[in-house]
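In: Structure for the following, please:
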Amino acid sequence: MYNSPQELRKSVEKSVLLIIAVIAIISLIAGQRSFMWGIIVGGLCSLVHFRTICTVAERVVDFSARAARISTMVGYSARYIVNAGVLAYSYFNPSLSFPAVIIGLVLVKIVIITKTLREQWQQVLSDQLKNIRKKFERRE
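Out: Next comes the predicted model:
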């Protein structure tokens with residue numbers, strides 16, 4: 001479906017930004033400013049993590065095995081330290097909704113899973129439709 005990893009990355013980023021915008025607007029209309037800011041902060045943090053993972057993955061291909069392990073370990077540790085900081089800040093700051101930050105932090109994962117499931121279901125339904133067509137063609 002995607003011709004390159006960059007296309008997939010852009011597709012995921014666009015979907016996440018759209019979801020952030022929709023939830024933020026709905027939250028603002030509903031008068032839930034802390035939820036809105038929580039979604040924005042968590043979602044943007046999630047996007048930064050995703051972009052970092054993509055960048056590191058492209059870069060470590062040219063590294064030796066040891067350098068690649070070290071680079072990915074440092075990146076992994078840094079992302080989780082940032083997550084811990086964002087979660088701690090939102091937990092103690094009443095202007096950010098803690099549940100909204102958590103939802104925002106998992107938005108990239110949700111988008112990737114739903115895209116994967118949608119593609120798999122499209123393939124399954126396409127195969128079933130082909131089988132049904134073959135059955136009808138044999139009857140004629």
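In: Give me the helices and strands touching the helix or strand where residue 12 lies, please.
Out: Secondary structure assignment for residue 12, by DSSP states H and E: helix 5-29. On a contact count with 3 or more CB pairs under 8 Å, 6 or more residues apart in numbering; DSSP states H and E, helix 5-29 meets helix 33-60, helix 107-139. Any C-beta I mention is one placed from the backbone N, CA and C, and that applies to glycine too.
In: What residues sit buried inside the last one?
Out: Using 16 or more other CB atoms under 10 Å as the test for burial, helix 107-139 gives 107-108, 111-112, 115.
In: That helix vs helix 5-29, what angle?
Out: Between helix 107-139 and helix 5-29, the angle comes out at 110 degrees (axes from the mean of the first three to the mean of the last three CA atoms, to 10 degrees).
In: quick check, distance from helix 107-139 to the centre of its chain.
Out: Chain-centre distance of helix 107-139: 22 Å, with CA atoms, centre = their mean, to the nearest Å.
In: wait, doesn't residue 39 sit right on residue 102?
Out: No. Checked against CB atoms under 8 Å, the pair residue 39 and residue 102 is beyond contact range at 10.0 Å.
In: Roughly how far does residue 114 sit from residue 11?
Out: Note on residue 114: its distance to residue 11, by CB to CB, to the nearest Å, is 12 Å.
In: List the residues that contact the residue nearest to residue 19 when sequence neighbours are not counted.
Out: Nearest residue to residue 19, sequence neighbours excluded (CB to CB, 6 or more residues apart in numbering): residue 107, at 5.9 Å. Residue 107 makes contacts with 16, 19-20, 42-43, 46, as judged by CB atoms under 8 Å, 6 or more residues apart in numbering.
In: Nothing else from me, thank you.
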